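Enquirer: model this:
(one chain, ligands or ions: 2)
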Amino acid sequence: MKLETIRHSLAHILAYAVRELYPDTCFGIGPAIENGFYYDFDLKRSLAPEDLLKIEEKMRELIKEDIVFKKKKIIKKEAKEIFKDQPYKLELINEIKEDKVTVYESGNFVDLCAGPHVKSTKEIPADSFKLTKIAGAYWRGSEKNQMLTRIYGVAFKTKKELENYLQKEAEAEKRDHRILGQKLELFSFDEEIGAGLPLWHPKGAILRKIIEDYLYKELILQGYQWIVSPHIGKLDLWKTSGHWDLYRENMYSPIKIDEEEYMLKPMNCPFHVKIYQSKIRSYRDLPIKYAELGTVYRYEKSGVLHGLVRVRGFTQDDAHIWCTPEQLSTELIKLLKHGFKILKTFGFKDFDIYLSTRPEKYAGTEKDWQKAENSLKYVLKKLKLKYQIDPGGGVFYGPKIDIKIKDSLGRPWQCTTIQLDFNLPERFKMNYIDKKGRKERPIMIHRALIGSIERFIGVLLEHYAGALPLWLSPVQIWVIPVGTRHKKYAQEVSQKLSDGGARVELKDEAETVSKKIREGEIQKIPYLLVVGDKEMKNKSVRIRSKNKDLGSMKLNRFISHLRRILNSS
Ligand SMILES: [Zn+2]
Ligand SMILES: [Zn+2]
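Expert: Ligands and ions are numbered 1, 2, ... in the order given. Take a look at the predicted model:
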């Protein structure tokens, strides 16, 4: 029996149970989905989470009754009679073109459905499904329609699989970056500001700065030049670049300034092109690599916004590289090697790599594409990287390599992208002077390594469940004096540590040590240093890290210990 069939049959049983418990309900639809199923209801009451248990119990009762799913083909008129009190079903029947419609009868519950289903409920394992949540959903997904109540369930073939799934979900919930972000005081959202527009609090801003500084240092070493570009640009610029034609649905409406229209930038590329074009470039200047932490704004439907992972304004670690055809593979190899180095520094070790090839609509010639795809394949092979081909998955302007990082729960997150572009150099008529004094078009590469800082921080928080590595922790150490007479020594310790470059907070408020330790552990502070009589006398600190007491250590030794950890990350 296919799991999908079991899941879909469970949706029917769910509807049956709801009808038994709440007979005045009107029914929407109930498909199988990933991991389970749902059914949409027009209920005359609102449901509480405990009602799910009641419905679930009813479903198990029904399953035990060994109810048979009977398929019937009936004429529309008859169907309309059966569903005369069901406006949503009537709407669906009216849209069916054939004279006859298929209904399934299970017990004394009839549903409009083409199947397939299990033969009878004895094929459904009663101990391996669970109703998980209630949500609002518009009838047929349109805001113009009635809001219905959607009940979700998950279902598997065995109880063990269900338990594994629920456990993984619970683990993911604990790692939810939206909750961690609030608890660790990193960021928040405010309705008065708008959805998808994060506010970075002091500690979140420190975290961003650490990441930005690290990227800056790394990219300068790789020969990038740092640039900064404005947040808006004239509409005409976006017409030249092609964004106005091909990317408009992701852009916000024009802003009028002195009778001219400007757009909030959804990408940084055209600005970088303009800096390239600010003077004549020779083959000797290439490759030219411009990097920017560019904040862009893209329209996302409110329904898909999700914490920091899907937002409306975000900062890309964006860069563009222009090179000659001869330089292309060398540059790509450098780019990939460096990209993996950076991702590994942040603690990611597993990757899925995709090569996306020419889509149906494309800029440039077929020959260009072939050459570019071959270069990408060549470098992936040269670096012995395993990859999958995503046929036709390239952007209209060129093929690309995407890297998804896998977090500690094995969940993939889109991160790095390296894209070749035949479109912009052509549209902006970019060139360089070659060895023979002729004008040539440079090859253009767009690349983002961590993707967006917002999204990447969201992934980091989920990957580490909030307990960031020492070098990324906005606050690395709390110094906690046991009593008032230890305050002075605690101050000395803090000073010495911060002079050494550590991010330290002195916790000398009038609260118990155990309360401060508890709070520090909730805040995921890497080191809690408690100082009392003994520590004061020995010039030492008592160390607590990752919920464990590590005993006392001389302060100087602790400082070199910190330095060792920071140097190795
Ligand atoms: Zn069905
Ligand atoms: Zn770009």
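Enquirer: got the residues of the protein near ligand 2?
Expert: 269, 446 (Cβ under 5 Å from the ion). Yep, even glycine has a C-beta here, placed from its N, CA and C like the rest.
Enquirer: residue ranges with poor pLDDT in the chain?
Expert: Applying pLDDT under 70 to the chain flags the ranges 569.
Enquirer: Just to check, P481 is in contact with A490?
Expert: Yes. Using Cβ atoms under 8 Å, P481 makes contact with A490 at a distance of 3.8 Å.
Enquirer: Determine the residues that are contacts of both of those two.
Expert: In the contact map built from Cβ atoms under 8 Å, 6 or more residues apart in numbering, the residues linked to both P481 and A490 are 506, 508, 531.
Enquirer: My read is that the second one contacts K487, right?
Expert: It refers to D508. Yes. Counting by Cβ under 8 Å, D508 does reach K487; the two are 5.3 Å apart.
Enquirer: Between those two, which contacts overlap?
Expert: Contact criterion Cβ under 8 Å, 6+ apart; residues shared by D508 and K487: P481.
Enquirer: For stretch 96-103, list the C-alpha coordinates in PDB.
Expert: Output of stretch 96-103 as PDB, limited to C-alpha atoms (Å, rounded to 0.1, in the frame of the first residue of the first chain):
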ATOM      1  CA  ILE A  96     -16.500  19.100 -13.400                       C
ATOM      2  CA  LYS A  97     -16.900  18.800 -17.200                       C
ATOM      3  CA  GLU A  98     -18.000  15.100 -17.400                       C
ATOM      4  CA  ASP A  99     -21.600  14.000 -16.900                       C
ATOM      5  CA  LYS A 100     -20.700  11.700 -14.100                       C
ATOM      6  CA  VAL A 101     -18.700  12.300 -11.000                       C
ATOM      7  CA  THR A 102     -16.900   9.900  -8.700                       C
ATOM      8  CA  VAL A 103     -17.800   9.600  -5.000                       C
END
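Enquirer: The residue nearest to F187 when sequence neighbours are not counted: how many residues sit nearby?
Expert: Of all residues not flanking F187 in the chain, G204 sits nearest, at 4.4 Å (Cβ to Cβ, 6 or more residues apart in numbering). Using other Cβ atoms under 10 Å, G204 has 21 other residues around it.
Enquirer: Look at G204 and give its secondary structure.
Expert: The three-state assignment at G204 reads helix, by DSSP: H, G, I helix; E, B strand; the rest coil.
Enquirer: my read: it touches P474, true?
Expert: Yes. If you go by Cβ under 8 Å, G204 and P474 touch, sitting 7.4 Å apart.
Enquirer: joint contacts of these two?
Expert: L186.
Enquirer: Return the distance of the residue nearest the centre of the chain relative to ligand 2.
Expert: The residue lying closest to the centre of the chain (Cα atoms, centre = their mean) is V309, at 3.8 Å. Distance, V309 to ligand 2, by Cβ to the ion, to the nearest Å: 21 Å.
Enquirer: would you say L148 is within a helix?
Expert: No. Counting by three-state DSSP, L148 falls outside a helix, being strand.
Enquirer: what are the bridge partners for it, then?
Expert: A137 (DSSP bridges).
Enquirer: Next, the contact list for it, please.
Expert: 28, 40-42, 136-139.
Enquirer: State the pair within these that is farthest apart.
Expert: Greatest spacing in the contacts of L148, by Cβ to Cβ: F41 and Y138 (13.1 Å).
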